[in-house]
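Student: Have a look at this fold, sequence not included:
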(Lines give C-alpha, C1' and ligand atoms only; values in the text may rest on other atoms or scores of the structure.)
Protein backbone atom coordinates (compact mmCIF):
# COMPACT_ATOMS: atom_id res chain seq x y z
CA UNK A 1 0.00 0.00 0.00
CA UNK A 2 1.37 3.42 -0.95
CA UNK A 3 2.27 5.69 1.95
CA UNK A 4 0.14 8.88 1.94
CA UNK A 5 2.14 11.93 0.89
CA UNK A 6 1.52 13.70 4.21
CA UNK A 7 2.55 10.76 6.38
CA UNK A 8 5.96 9.08 6.65
CA UNK A 9 7.12 6.09 8.66
CA UNK A 10 10.49 7.46 9.79
CA UNK A 11 12.01 4.61 11.80
CA UNK A 12 11.04 1.25 13.30
CA UNK A 13 12.53 -0.72 16.16
CA UNK A 14 11.93 -3.86 18.20
CA UNK A 15 10.38 -3.01 21.58
CA UNK A 16 10.31 -5.71 24.27
CA UNK A 17 7.89 -4.72 27.06
CA UNK A 18 6.32 -6.31 30.14
CA UNK A 19 3.29 -6.98 27.91
CA UNK A 20 5.25 -8.70 25.16
CA UNK A 21 7.44 -7.79 22.23
CA UNK A 22 6.14 -5.14 19.84
CA UNK A 23 7.39 -3.50 16.68
CA UNK A 24 7.50 0.25 17.34
CA UNK A 25 7.03 2.56 14.35
CA UNK A 26 7.53 6.34 14.54
CA UNK A 27 5.61 8.50 12.05
CA UNK A 28 5.99 12.12 11.03
CA UNK A 29 3.33 14.01 9.13
CA UNK A 30 2.53 17.36 7.54
CA UNK A 31 -0.91 17.77 9.14
CA UNK A 32 -0.08 18.49 12.78
CA UNK A 33 3.74 18.46 12.59
CA UNK A 34 3.93 15.96 15.47
CA UNK A 35 5.56 12.55 15.75
CA UNK A 36 3.16 9.73 16.60
CA UNK A 37 3.82 6.07 17.41
CA UNK A 38 2.37 2.70 16.44
CA UNK A 39 3.04 -0.39 18.56
CA UNK A 40 2.35 -3.48 16.48
CA UNK A 41 2.30 -7.13 17.44
CA UNK A 42 1.74 -10.09 15.15
CA UNK A 43 0.79 -10.29 11.47
CA UNK A 44 -1.69 -7.70 10.20
CA UNK A 45 -2.16 -9.14 6.72
CA UNK A 46 -4.87 -11.74 7.43
CA UNK A 47 -8.44 -10.70 6.50
CA UNK A 48 -9.87 -10.81 10.03
CA UNK A 49 -10.38 -7.41 11.71
CA UNK A 50 -7.49 -6.36 13.96
CA UNK A 51 -7.74 -5.26 17.60
CA UNK A 52 -6.75 -1.57 17.80
CA UNK A 53 -6.44 1.08 20.49
CA UNK A 54 -6.07 4.74 19.47
CA UNK A 55 -4.60 6.18 22.66
CA UNK A 56 -4.01 9.89 23.25
CA UNK A 57 -0.90 10.83 25.17
CA UNK A 58 -1.36 11.51 28.89
CA UNK A 59 2.00 12.15 30.54
CA UNK A 60 0.50 12.44 34.02
CA UNK A 61 -1.49 9.22 33.76
CA UNK A 62 0.63 7.10 31.41
CA UNK A 63 4.05 7.94 32.87
CA UNK A 64 3.53 9.42 36.34
CA UNK A 65 0.68 7.18 37.48
CA UNK A 66 -1.87 9.93 38.13
CA UNK A 67 -5.20 8.70 39.45
CA UNK A 68 -7.07 11.85 38.38
CA UNK A 69 -7.92 10.07 35.12
CA UNK A 70 -8.15 6.52 33.76
CA UNK A 71 -5.60 7.00 30.96
CA UNK A 72 -2.71 5.02 32.41
CA UNK A 73 -4.97 2.10 33.23
CA UNK A 74 -6.47 2.21 29.75
CA UNK A 75 -3.00 2.13 28.21
CA UNK A 76 -1.90 -0.85 30.29
CA UNK A 77 -5.13 -2.77 29.71
CA UNK A 78 -4.98 -2.12 25.98
CA UNK A 79 -1.39 -3.34 25.63
CA UNK A 80 -2.21 -6.42 27.68
CA UNK A 81 -5.31 -7.21 25.60
CA UNK A 82 -3.54 -6.67 22.28
CA UNK A 83 -0.61 -8.81 23.40
CA UNK A 84 -3.01 -11.48 24.63
CA UNK A 85 -4.56 -11.65 21.17
CA UNK A 86 -1.09 -12.01 19.65
CA UNK A 87 -2.09 -9.53 16.95
CA UNK A 88 -3.02 -5.88 17.06
CA UNK A 89 -2.02 -2.23 17.10
CA UNK A 90 -1.84 0.55 19.65
CA UNK A 91 -1.49 4.04 18.21
CA UNK A 92 0.07 6.49 20.67
CA UNK A 93 -1.10 9.90 19.51
CA UNK A 94 0.65 13.04 20.78
CA UNK A 95 -2.57 14.82 21.75
CA UNK A 96 -1.93 15.65 25.41
CA UNK A 97 -4.90 16.81 27.47
CA UNK A 98 -7.48 15.96 24.78
CA UNK A 99 -5.49 18.19 22.44
CA UNK A 100 -4.89 21.27 24.65
CA UNK A 101 -1.28 20.50 25.57
CA UNK A 102 0.42 19.81 28.88
CA UNK A 103 0.62 23.41 30.11
CA UNK A 104 -3.11 24.08 29.82
CA UNK A 105 -3.93 20.59 31.00
CA UNK A 106 -2.21 21.41 34.31
CA UNK A 107 -4.02 24.73 34.42
CA UNK A 108 -7.25 22.80 33.89
CA UNK A 109 -6.33 20.58 36.87
CA UNK A 110 -6.17 23.69 39.05
CA UNK A 111 -9.58 24.82 37.82
CA UNK A 112 -10.98 21.36 38.55
CA UNK A 113 -9.65 21.62 42.11
CA UNK A 114 -11.61 24.87 42.36
CA UNK A 115 -14.83 23.11 41.41
CA UNK A 116 -15.04 23.00 37.61
CA UNK A 117 -15.42 19.69 35.83
CA UNK A 118 -13.01 18.66 33.08
CA UNK A 119 -15.20 20.06 30.29
CA UNK A 120 -15.84 23.36 32.09
CA UNK A 121 -12.11 23.74 32.77
CA UNK A 122 -11.17 23.29 29.11
CA UNK A 123 -13.85 25.76 28.01
CA UNK A 124 -12.73 28.28 30.65
CA UNK A 125 -9.23 28.17 29.14
CA UNK A 126 -10.59 28.94 25.68
CA UNK A 127 -10.45 25.39 24.29
CA UNK A 128 -13.02 22.93 23.02
CA UNK A 129 -14.20 20.23 25.40
CA UNK A 130 -12.24 17.81 23.20
CA UNK A 131 -9.78 19.32 20.71
CA UNK A 132 -8.47 16.05 19.30
CA UNK A 133 -8.80 14.92 15.72
CA UNK A 134 -8.14 11.51 14.21
CA UNK A 135 -6.98 12.34 10.69
CA UNK A 136 -3.40 11.24 11.33
CA UNK A 137 -4.54 8.14 13.24
CA UNK A 138 -6.65 7.06 10.25
CA UNK A 139 -3.69 7.61 7.91
CA UNK A 140 -1.45 5.53 10.17
CA UNK A 141 -3.95 2.67 10.24
CA UNK A 142 -4.24 2.75 6.46
CA UNK A 143 -0.45 2.82 6.08
CA UNK A 144 -0.38 -0.33 8.22
CA UNK A 145 -2.88 -1.88 5.81
CA UNK A 146 -5.88 -1.67 8.14
CA UNK A 147 -9.35 -0.47 7.18
CA UNK A 148 -11.45 -2.88 9.30
CA UNK A 149 -10.76 -2.96 13.02
CA UNK A 150 -12.01 -3.96 16.44
CA UNK A 151 -11.69 -0.72 18.39
CA UNK A 152 -10.86 -0.55 22.09
CA UNK A 153 -12.74 2.55 23.21
CA UNK A 154 -15.56 4.02 25.28
CA UNK A 155 -15.74 7.17 23.14
CA UNK A 156 -18.49 7.29 20.48
CA UNK A 157 -16.97 10.40 18.89
CA UNK A 158 -13.78 8.46 18.19
CA UNK A 159 -15.82 5.76 16.45
CA UNK A 160 -17.70 8.33 14.35
CA UNK A 161 -14.53 10.18 13.35
CA UNK A 162 -12.57 7.09 12.35
CA UNK A 163 -15.52 5.80 10.33
CA UNK A 164 -15.85 9.18 8.61
CA UNK A 165 -12.16 8.89 7.70
CA UNK A 166 -12.60 5.49 6.06
CA UNK A 167 -11.90 3.07 8.92
CA UNK A 168 -14.66 0.50 9.40
CA UNK A 169 -15.31 -0.26 13.09
CA UNK A 170 -16.48 -3.87 12.98
CA UNK A 171 -16.94 -3.97 16.76
CA UNK A 172 -16.39 -1.70 19.76
CA UNK A 173 -14.52 -3.39 22.60
CA UNK A 174 -15.22 -1.71 26.00
CA UNK A 175 -12.30 -0.51 28.09
CA UNK A 176 -13.64 -0.17 31.61
CA UNK A 177 -11.23 0.72 34.39
CA UNK A 178 -11.40 1.10 38.14
CA UNK A 179 -13.49 3.92 39.61
CA UNK A 180 -11.68 5.70 42.46
CA UNK A 181 -12.39 8.74 44.67
CA UNK A 182 -9.94 10.75 42.55
CA UNK A 183 -11.33 9.88 39.10
CA UNK A 184 -15.05 9.37 39.72
CA UNK A 185 -16.15 12.92 38.90
CA UNK A 186 -13.95 12.88 35.81
CA UNK A 187 -15.52 9.62 34.61
CA UNK A 188 -19.03 10.81 35.37
CA UNK A 189 -18.35 13.96 33.34
CA UNK A 190 -17.22 11.81 30.43
CA UNK A 191 -20.54 9.97 30.56
CA UNK A 192 -22.85 12.94 31.20
CA UNK A 193 -21.24 15.55 28.94
CA UNK A 194 -19.27 13.57 26.35
CA UNK A 195 -21.52 10.48 26.06
CA UNK A 196 -18.74 8.01 26.83
CA UNK A 197 -19.96 4.43 27.14
CA UNK A 198 -19.07 3.57 30.73
CA UNK A 199 -20.94 1.58 33.35
CA UNK A 200 -20.38 3.60 36.53
CA UNK A 201 -21.70 3.12 40.07
CA UNK A 202 -24.10 5.70 41.47
CA UNK A 203 -22.16 8.57 43.04
CA UNK A 204 -22.73 10.08 46.49
CA UNK A 205 -23.90 13.69 46.05
CA UNK A 206 -22.85 14.57 49.64
CA UNK A 207 -19.19 14.13 48.80
CA UNK A 208 -17.28 16.96 47.05
CA UNK A 209 -15.87 14.45 44.57
CA UNK A 210 -19.05 12.39 44.30
CA UNK A 211 -17.86 9.65 46.62
CA UNK A 212 -17.99 9.03 50.35
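Tutor: That came in fine, so what should we check first? Not measured: the values here are computed from a predicted model.
Student: Might you report the residue contacts of the residue positioned nearest the centre of the chain?
Tutor: Centroid-nearest residue in the chain: residue 55, 2.5 Å away (criterion: C-alpha atoms, centre = their mean). Contacts of residue 55 were listed using C-beta atoms under 8 Å, 6 or more residues apart in numbering, and they are 71, 74, 75, 78, 90, 91, 92, 93. Using the backbone N, CA and C atoms, a C-beta is placed for each residue, glycine as well.
Student: For residue 65, the count of nearby residues, please.
Tutor: Neighbour count of residue 65, defined by other C-beta atoms under 10 Å: 9.
Student: I'd assumed residue 72 was in contact with it.
Tutor: Yes. Between residue 65 and residue 72 a contact is recorded at 6.0 Å, counting by C-beta atoms under 8 Å.
Student: host element of the residue nearest to the centre of the chain?
Tutor: strand 50-56 (DSSP states H and E).
Student: Adjacent strands (with direction) for that strand?
Tutor: The pairing partners recorded for strand 50-56 under DSSP bridges are strand 88-93 (parallel), strand 148-152 (parallel).
Student: Tell me what the residue nearest to the centre of the chain is bridged to.
Tutor: Beta-bridge pairing for residue 55 (DSSP bridges): residue 92.
Student: State the pLDDT value of residue 208.
Tutor: With respect to pLDDT, residue 208 has a value of 37.
Student: Can you point out the buried residues in stretch 73-87?
Tutor: Neighbour-count burial for stretch 73-87, counted by 16 or more other C-beta atoms under 10 Å, picks out 73, 74, 75, 77, 78, 79, 81, 82, 83, 87.
Student: What residues does the fifth one make contact with?
Tutor: So the one you mean is residue 78. 53, 55, 90, 152, 175.
Student: Remind me which helix or strand residue 13 belongs to.
Tutor: strand 7-17.
Student: how far does that strand sit from the chain's center?
Tutor: When distances are taken as C-alpha atoms, centre = their mean, to the nearest Å, strand 7-17 is centred 19 Å away from the chain's centroid.
Student: what's the answer for stretch 24-33, then?
Tutor: 16 Å.
Student: residues in contact with that stretch?
Tutor: Contacts to stretch 24-33, defined as C-beta under 8 Å, 6+ apart, come from residues 5-15, 35-40, 135-136, 139-140, 143-144.
Student: Distance across that stretch, terminal residue to terminal residue?
Tutor: Criterion C-alpha to C-alpha, to the nearest Å; first-to-last residue distance in stretch 24-33 is 19 Å.
Student: Next, count neighbours for residue 57.
Tutor: So residue 57, with other C-beta under 10 Å, has 20 neighbours.
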